[in-house]
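**Student:** pasting the sequence and the predicted coordinates here, then a few questions.
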Amino acid sequence: MKPTRGLAQTPLFTQRFENLSIAERTLLSYHRARAIGKAYALTAEDVLFLSPKFWDMHTDPISSIDGASGSLLALQYNLCAGTLATYIHEQPSLGPLVQHVLDFDVSGQFCLTELGHGLDILHMETTATLLSNGSFDLHTPSEGAAKYMPPTSPVSPGFACIAVVFARTVVQGEDHGIKPFVVQIHDGQTTTPGVTIKVLPPRGGSRPLNHSLTYFSHVRLPSTALLGSIEKPRDPRTSFFKKIYRVAVGTISLSALGVPSLQVASYIAARYSLRRHVFDGSGVAKPIISFQTQKQPILTAIAQSFVLDAMLKHAIAWFVDPALDPRVRHAVATIVKVAMIQTAQAANFTLGDRCGAQGLFEVNQLPAMHSDMRGIAIAEGDMLGISIRLASELLLGRYALEPPRYPDSLLAQHERGLFSELRGTLAAAVSHRSTTYERDVLPRSLLLVQAIGHRIAYDAARAEQVDGPLLDLFEAASVLQDEAWYVECLGMTRRGLRDREARALEAVFPHMEEYLARMDVNPYITAPIVSDEKWDQFLGTLQTFGEDSNESARGDESVASLQGGGVSATHALLLKPNRIMKSML
């Protein structure tokens, strides 16, 4: 049972904030993140060794209520606390600061990416120059070197901000590589001298957060601000990627939110579709869940949530294996991200549409979750960029992944077929840097990684004995994402593929209530469209203009008198809201 079940029902999480200002909403997200952090009470060992409790926090459905709080938690515990905890044994003085971050007494941030460089972080410009007295001069030399995105601006006196800032370390004019430094950004109100913060406008559609551009103008840092050694590394590239190991953790931990996103979205759409009725040709009201157009996306998302949950458990065990090749660890994170986020994004988009106009409104959770997933798709490396890197490394044979557990499955055959095609293309190209490779392989990299993810998810769920109908539906839905390949290469027919999906849907549908209950996300549902009770409560919170209940009653009497005077009922109802026309009549 999640430690946030009770927390999700408190006013901190149930209060409506759609009509609050951006600043008020942002501050509310900080308080929510702090409350979630305290509910989990992670220790330095939890974040350093990636305990089950660490992963549980990152898959908690409470983040579906407020995606901004989920972003803050990832920054706080994985990137900031996780990086600091890495150095705590060689720098024991960090102990109290780590505990402050774990207790959420301060806001912990992670300043890596620069505005002008994006994923090309090896060419960052921010410098930390060692001075003769042992201190450092932290400096942003150009506009393009501004640290981009981390929410570093003051939001409240109760949230001072410290950040792990990466900078190119200069010692006596020589580049000693990119290293992390601890920097106090502000005390909750006033920025540290030399620090300038420009608050970015809100991201479109997602829960607002104080994303910022952060600049340093010759900020003086004590010698203790440096995390790790001042020595120049023998291999600067390898040394740097070891220092940003928590980014790989973030790739998988942020992507893990795809599971609760699927659970919450499918639950909302299912409850709405059970509640919403239409009349059939004989005048009988029937719930819209009875139509295949509603069943298909809802039941598919349910199946995907169970299968991807199994995949996540398998991937985490694989990822934390200390004997694992670091390159494979990054590959696992990339595969999880592509499988999770593509699936959750598609489901949120489709399920929002299947809720009609209701699905457009933030209050019903679906559009905000879709926008939050867009942010995760780009955070820690956008999906296409990291897929290109992974696909190229696999095609070039630099390392290999675990072989399929069930090599004869449809998804394993698909993965194998795509590898064969792309390796053939690579063999015919001059090199992996040729225009042929760029034209014919790079655009298909995401599809290849997606295929690998589908196969790994299927293998994990089958090994974990996920219910057969759910597994069959996941397989059918995955096949239909590249149905042309199965028709062309396996001799299947489009009709046959659709029939497979239809049979899987019919097998899952009788058990829908059971699966909704097993997901156990009801305490985290704030969308009013899921029940009449929630809808009535929501109506009571809306700003209202016009007649109150007493005036409405008098209006009903006026309608009756109008009908008695020979005015049709329809005409009378049209006149009812208009007092001027009433007086004229």
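**Tutor:** Everything's here; your move.
**Student:** C-alpha only now, for contacts and for neighbours.
**Tutor:** Will do.
**Student:** report pLDDT for Gly546.
**Tutor:** pLDDT, Gly546: 90.
**Student:** and it, what element?
**Tutor:** Taking DSSP states H and E as the definition, Gly546 sits outside all helices and strands.
**Student:** what distance do you get for it to Val449?
**Tutor:** Using C-alpha to C-alpha, to the nearest Å, we find Gly546 at a distance of 56 Å from Val449.
**Student:** in the chain, which spans are strands?
**Tutor:** 107-111, 127-130, 136-139, 147-149, 161-171, 174-186, 195-199, 212-216, 219-221, 277-279, 285-287 (DSSP state E).
**Student:** by contact count, what packs against the third one?
**Tutor:** Read it as strand 136-139. strand 127-130, strand 212-216, strand 219-221 (3 or more C-alpha pairs under 8 Å, 6 or more residues apart in numbering; DSSP states H and E).
**Student:** in the first one, what counts as buried?
**Tutor:** The reference is to strand 127-130. 127-130 (16 or more other C-alpha atoms under 10 Å).
**Student:** can I get the strands of the chain in a markdown table with distance to Ser29 and mean pLDDT?
**Tutor:** Below are those laid out as a markdown table (distance: least, C-alpha to C-alpha, whole Å; pLDDT from 0 to 100):
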| stretch | distance to Ser29 | mean pLDDT |
| --- | --- | --- |
| strand 107-111 | 12 | 98 |
| strand 127-130 | 32 | 98 |
| strand 136-139 | 30 | 98 |
| strand 147-149 | 16 | 96 |
| strand 161-171 | 15 | 98 |
| strand 174-186 | 19 | 98 |
| strand 195-199 | 16 | 98 |
| strand 212-216 | 16 | 98 |
| strand 219-221 | 30 | 98 |
| strand 277-279 | 36 | 93 |
| strand 285-287 | 36 | 94 |
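**Student:** so for Val336, which of these sits nearest?
**Tutor:** In terms of C-alpha to C-alpha, the element of the strands of the chain nearest to Val336 is strand 107-111, at 22.4 Å.
**Student:** quick one: mean pLDDT for stretch 474-489?
**Tutor:** Mean per-residue pLDDT for stretch 474-489: 97.
**Student:** how about His58, nearest residue that isn't a chain neighbour?
**Tutor:** Sequence neighbours aside, Ser253 is the residue nearest to His58 in space, at 5.9 Å (criterion: C-alpha to C-alpha, 6 or more residues apart in numbering).
**Student:** any idea how far Glu24 is from that neighbour?
**Tutor:** Distance, Ser253 to Glu24, by C-alpha to C-alpha: 27 Å.
**Student:** ok, Asp325 next?
**Tutor:** 45 Å.
**Student:** report how many residues lie close to Leu50.
**Tutor:** Leu50: 17 surrounding residues under other C-alpha atoms under 10 Å.
**Student:** give me phi/psi at it?
**Tutor:** Main-chain torsions, Leu50, degrees, to the nearest 10: phi 60, psi 60.
**Student:** surely it meets Pro322?
**Tutor:** No. Counting by C-alpha atoms under 8 Å, Leu50 does not reach Pro322; the two are 11.5 Å apart.
**Student:** who has more neighbours, Ser253 and Glu24?
**Tutor:** Neighbours of Ser253 and Glu24, each counted by other C-alpha under 10 Å, are more numerous for Ser253; the result is 25 against 13.
**Student:** any idea of the pLDDT on that one?
**Tutor:** According to the prediction, Ser253 has pLDDT 94.
**Student:** burial measure for the nearest residue to Leu112 once chain neighbours are set aside, as a count.
**Tutor:** Spatial nearest neighbour of Leu112, excluding adjacent residues (C-alpha to C-alpha, 6+ apart): Phe166 at 5.4 Å. Close neighbours of Phe166, defined as other C-alpha under 10 Å, add up to 29.
**Student:** surely Val332 and Phe319 touch.
**Tutor:** Yes. Counting by C-alpha under 8 Å, Phe319 is a contact partner of Val332 at 6.6 Å.
**Student:** start and end of stretch 142-153, how far apart?
**Tutor:** Start-to-end, stretch 142-153 (C-alpha to C-alpha) is 20 Å.
**Student:** tell me how far that stretch lies from the chain's centre.
**Tutor:** Mean-position distance between stretch 142-153 and its chain equals 22 Å (C-alpha atoms, centre = their mean, to the nearest Å).
**Student:** flag every buried residue along that stretch.
**Tutor:** In stretch 142-153, counting by 16+ other C-alpha under 10 Å, buried: 144-153.
**Student:** and which of the residues you listed is nearest Gly177?
**Tutor:** For the buried residues of stretch 142-153, the nearest to Gly177 is Ala145 (16.1 Å; C-alpha to C-alpha).
**Student:** so who does the closest one touch?
**Tutor:** Residues in contact with Ala145 (C-alpha atoms under 8 Å, 6 or more residues apart in numbering) are 114-117, 124-126, 215.
**Student:** cutoff 10 Å now
**Tutor:** 113-117, 123-127, 139, 213-216 (C-alpha atoms under 10 Å, 6 or more residues apart in numbering).
**Student:** which of those are buried? Put it as a PyMOL command.
**Tutor:** Buried members of those can be picked out in PyMOL with the line below, counting by 16+ other C-alpha under 10 Å:
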select buried, resi 113+114+115+116+117+124+125+126+127+139+213+214+215+216
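**Student:** how far away is Ser51 from Ser69?
**Tutor:** 21 Å.
**Student:** those two - which one has more neighbours?
**Tutor:** Ser69 (28 against 14).
**Student:** so the more buried one sits right up against Leu12, yeah?
**Tutor:** No. Using C-alpha atoms under 10 Å as the test, Ser69 is too far from Leu12 to be in contact (12.0 Å).
**Student:** and for the two, which residues touch both?
**Tutor:** Counting by C-alpha under 10 Å, 6+ apart, the residues touching both Ser69 and Leu12 are 28-29, 31-32, 35.
**Student:** please parse this protein into its domains.
**Tutor:** 1-105, 108-243, 253-522, 549-584 (automatic domain parsing).
**Student:** and of these, who's closest to Leu542?
**Tutor:** That would be, of the domains of the chain and by C-alpha to C-alpha, domain 1-105, which comes in at 9.6 Å.
**Student:** the closest one spans what distance, first to last residue?
**Tutor:** Termini of domain 1-105 sit 26 Å apart (C-alpha to C-alpha).
**Student:** name the nearest residue to Arg5, ignoring sequence neighbours.
**Tutor:** Using C-alpha to C-alpha, 6+ apart, the closest residue to Arg5 is Pro523 (6.1 Å).
**Student:** and the one you found, how far is that from Ile36?
**Tutor:** From Pro523 to Ile36 the distance is 15 Å (C-alpha to C-alpha).
**Student:** for Ala377, same thing?
**Tutor:** Taken as C-alpha to C-alpha, the span from Ala377 to Ile36 is 23 Å.
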